[in-house]
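Visitor: Sharing a model prediction with you, sequence too.
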Amino acid sequence: MNKPDRTLLLVLLLAALVACNSQLEPSVDSQLCSSAWNKAVEAALGSGDGAGHGPDIGSDEWMSVVEFKLGVRGGDDLPPRGSEAWCKYVDNRLQSLP
């Protein structure tokens, strides 16, 4: 294999690794309320008990845990769970975390 072929192969492998990594670790900048966004919120906050138990991601119970973890559960300015406004509210809170 000559040098240009090796370089092309390396570039293709790196591109494949980047594509795989971005699918495995969605950012919180994913489309609000999407499955990828929910997974990113879960990765940032964690709703489980550390032993593999926890609410289904995206469920009402999960949203309640998210609110609790952010310290906003029961807040007067909290939009209805599952609404786009709720997702935007949560996203904004996550962006402001240290």
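Guide: That came through fine. These figures come from a predicted structure and were not determined experimentally.

Visitor: quick one, helices of the chain?
Guide: In the chain, helices defined by DSSP state H lie at 3-24, 35-45, 60-70, 84-95, listed in chain order.

Visitor: can you tell me which of those the model trusts least?
Guide: Least confident of the helices of the chain, judged by mean pLDDT, is helix 3-24 with a mean of 53.

Visitor: Show me which residues of stretch 75-86 are buried.
Guide: Across stretch 75-86, burial judged by 16 or more other CB atoms under 10 Å covers Trp86. Backbone N, C-alpha and C define where each C-beta goes, glycine included.

Visitor: Val90 contacts Gly71, correct?
Guide: No - counting by CB atoms under 8 Å, Val90 sits too far from Gly71 to count as a contact (11.8 Å).

Visitor: out of these two, which sits in the busier spot?
Guide: Counted by other CB atoms under 10 Å, Val90 and Gly71 do not tie: Val90 has more neighbours, with 27 against 8.

Visitor: how far does stretch 48-66 stretch from start to finish?
Guide: Stretch 48-66 stretches 11 Å from its first residue to its last (CA to CA, to the nearest Å).

Visitor: what does stretch 37-54 give?
Guide: By CA to CA, one end of stretch 37-54 lies 18 Å from the other end.

Visitor: what's the spacing between stretch 67-78 and its chain's center?
Guide: Averaging C-alpha positions (CA atoms, centre = their mean, to the nearest Å) puts stretch 67-78 19 Å from its chain's average.

Visitor: do stretch 69-80 as well
Guide: In terms of CA atoms, centre = their mean, the centre of stretch 69-80 is set 19 Å apart from its chain centre.

Visitor: So what would you say the end-to-end distance of it is?
Guide: Stretch 69-80 has an end-to-end distance of 17 Å (CA to CA).
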